[in-house]
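Trainee: Got a predicted structure plus its sequence, pasted below:
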Amino acid sequence: MNSFLGIDTSAYTSSLALVDEEQNIIADERMILQVGAGKRGLRQSEAFFQHIKNLPFLFERLACRLDAPVKAIGASAWPRRAEGSYMPVFSAGFSQAEALSHFTGIPLCPFSHQEGHIMAGIKGNEELLERAEFLAVHFSGGTSELLHVQQQEGGFLDIQSGLSGLDLHAGQLVDRIGVAMGLAFPSGPQLEKIARQSIGENLPIMPSSVGDKGFSFSGAETRAQQLIKQGIPYPDIALASLRCIANTLEKSILLEAGRKGIKDVLLVGGVMANTIIKDRLLARLEHPAVGLKLFFASPGLSSDNAVGVALAAQFILRKADDG
C-alpha cells in the first residue's frame with residue numbers, strides 16, 4: 001500500500017503528515033511556532049525562520065512512521081486558491097516539497113491552505129463528498145470566510161468565496177482579547193476556559209455586524225477593550241466575545257444558505273474547535289425551524305495541520321486512477 005505526504009507551514013504551525021490509500025492517518029506531526037510573552041503574533045520573516053528550523057525535526061519524526069512508498073506529495077502553496085493570495089510562510093514548506101519532488105520524482109500536488117482545511121474537515125464527514133455542493137466556514141486567525149464548495153468531475157473541489165470578514169478575523173479577535181487579559185498567544189483554549197467560569201447572566205452587549213458585503217469584528221474588539229478597562233469580570237467578557245462570534249457566524253450562515261439554497265455546512269479552522277461557539281450554532285441552526293445540517297472538523301483537525309493536503313493529494317490521484 002502506498003502513502004501520501006502532506007506539508008503545511010502556516011502562520012503559527014509547522015506540520016507534516018502521512019496518510020494511506022484508504023485515507024487512514026499514519027502520522028500527524030506538528031510544532032507550534034513560538035511567540036514571545038505579550039506579543040499578538042509573529043512577523044512573516046520570524047515565522048519563516050522558525051519553519052526552516054522545525055522541518056528537519058518533523059521529517060526525522062515522520063521517517064520513523066514511514067513504512068510504505070510515497071506516491072504523491074501534497075503541500076500548501078498559498079493561503080487561498082485566488083489570484084494574489086500569498087504569504088511567505090507557505091514558501092518554507094512548499095520549497096521543501098518542490099525539492100523532494102525534483103530529487104525523487106514523486107509527483108507534487110500544490111494546494112491552498114484553505115483547501116487543506118476543507119479536506120481535513122471532510123475526514124470523518126465523508127458523506128459531504130456525496131453532495132453536489134455544500135457551504136464551508138473557515139474561521140481562524142488568518143481567515144474568516146464562508147465558501148461555496150462544489151464537486152468537480154475528474155478534478156478537485158471547486159471553492160468559491162462568499163461572505164467574508166471586512167476587518168479583523170475571528171481568531172484575531174480572540175487572540176487580541178486574550179492577550180489584553182494577560183493570556184498567552186494564541187489564546188483560544190484559555191479564553192474558552194475562562195468563559196466557562198461565567199454564569200452567563202447579564203452579559204455585556206457585544207456588537208455583531210453582518211451585511212450583504214460581509215461581517216466585521218473591529219467593533220467587538222473595541223467594545224471588549226472598553227469592558228476590560230471598566231473592570232468587567234474577565235469570564236463575562238470572554239463569554240460575551242465568544243457569543244458575539246457565534247452570533248455573527250449564525251447570521252452569516254443563514255444569509256449565505258438562503259442565497260444558495262443549501263442546507264449542509266462544514267465548519268473548519270481553529271476557531272471552530274471552540275465548543276461554546278459550536279454548541280450555540282448546533283442549538284440554533286439545527287433547530288427544526290431552521291433545518292440546517294452542520295458538520296464540524298474533528299477537534300484535532302480543526303487547527304492548522306498537514307493532514308488535509310495529504311488527503312487532498314490522495315483524493316486527486318484516486319480520481320485520476322478512477323478516471
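Mentor: On my side now, so go ahead. Every value quoted in this text rests on a predicted model; they were computed, and no experiment measured them.
Trainee: counting contacts, what elements does whichever helix or strand residue 99 is part of pack onto?
Mentor: Assigned by DSSP states H and E, residue 99 belongs to helix 88-104. Using 3 or more C-beta pairs under 8 Å, 6 or more residues apart in numbering; DSSP states H and E, the elements in contact with helix 88-104 are strand 3-9, strand 13-20, helix 44-63, strand 70-78, strand 108-112. Where you see a C-beta, it was placed from the backbone N, CA and C, and this is true even at glycine.
Trainee: and the gap between residue 204 and residue 224?
Mentor: 9 Å (C-beta to C-beta, to the nearest Å).
Trainee: These two: which is more packed in?
Mentor: residue 224 (25 against 16; other C-beta atoms under 10 Å).
Trainee: Show me the beta-bridge partners of residue 27.
Mentor: residue 18 (DSSP bridges).
Trainee: now do the one 4 residues further on
Mentor: Under DSSP bridges, the beta-bridge partners of residue 31 are residue 14.
Trainee: quick revisit: just say which of the helices and strands packed on helix 88-104 is most tucked in.
Mentor: strand 3-9 (a mean of 30; mean count of other C-beta atoms under 10 Å).
Trainee: Parallel or antiparallel, list what pairs with it.
Mentor: Sheet pairing of strand 3-9 (DSSP bridges) gives strand 13-20 (antiparallel), strand 70-78 (parallel).
Trainee: mind checking which of those is nearest residue 197?
Mentor: Of all the strands paired with strand 3-9, it is strand 13-20 that lies closest to residue 197, at 28.0 Å by C-beta to C-beta.
Trainee: who touches both of residue 204 and residue 224?
Mentor: 237, 240 (C-beta atoms under 8 Å, 6 or more residues apart in numbering).
Trainee: how far out from the middle of the chain is stretch 220-237?
Mentor: 26 Å (C-alpha atoms, centre = their mean, to the nearest Å).
Trainee: Which residues does it contact?
Mentor: The list of residues contacting stretch 220-237 from outside it, by C-beta under 8 Å, 6+ apart, reads 168, 173, 176-177, 180-181, 194-198, 202-209, 240-241, 244-245, 248.
Trainee: ok, back up a step: let's have the strands paired with strand 3-9 in CSV, adding distance to residue 115 and mean pLDDT.
Mentor: Shown next, in CSV, are the strands paired with strand 3-9 (distance: least, C-beta to C-beta, whole Å; pLDDT from 0 to 100):
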stretch, distance to residue 115, mean pLDDT
strand 13-20, 14, 98
strand 70-78, 8, 97
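Trainee: what are the phi and psi angles of residue 300?
Mentor: Backbone geometry at residue 300, expressed as degrees, to the nearest 10, gives phi -70, psi -20.
Trainee: residues in contact with it?
Mentor: Counting by C-beta under 8 Å, 6+ apart, residue 300 touches residue 28.
Trainee: Could you measure from the closest residue to residue 298 other than its chain neighbours over to residue 268?
Mentor: Once flanking residues are discounted, residue 298 sits nearest to residue 124: 5.3 Å by C-beta to C-beta, 6 or more residues apart in numbering. As judged by C-beta to C-beta, residue 124 and residue 268 stand 12 Å apart.
Trainee: More neighbours: those two, which one.
Mentor: Neighbour count, other C-beta under 10 Å: between residue 124 and residue 268, residue 268 has more, with 30 against 12.
Trainee: How much space separates the closest residue to that one other than its chain neighbours from residue 260?
Mentor: Residue nearest to residue 268 in three dimensions, not counting chain neighbours: residue 121, with 3.9 Å by C-beta to C-beta, 6+ apart. The gap separating residue 121 from residue 260 is 18 Å, by C-beta to C-beta.
Trainee: what do you get for residue 182?
Mentor: 42 Å.
Trainee: Between those two, point out the one with more neighbours.
Mentor: The residue with more neighbours, out of residue 182 and residue 260, is residue 260; 15 against 12, by other C-beta under 10 Å.
Trainee: How about the backbone phi and psi for the more buried one?
Mentor: phi -90, psi -20.
Trainee: Pull the contacting residues for it.
Mentor: Residue 260 touches 133, 135, 148, 162, counting by C-beta under 8 Å, 6+ apart.
Trainee: and if we set it to 10 Å?
Mentor: 133, 134, 135, 146, 148, 160, 162 (C-beta atoms under 10 Å, 6 or more residues apart in numbering).
Trainee: Please report how far it lies from residue 240.
Mentor: To residue 240, residue 260 is 30 Å away according to C-beta to C-beta.
Trainee: What subset of the contacts of stretch 220-237 is buried?
Mentor: Among the contacts of stretch 220-237, the ones that count as buried by 16 or more other C-beta atoms under 10 Å are 168, 173, 176-177, 180-181, 194-195, 198, 203-204, 206, 208-209, 240-241, 244-245, 248.
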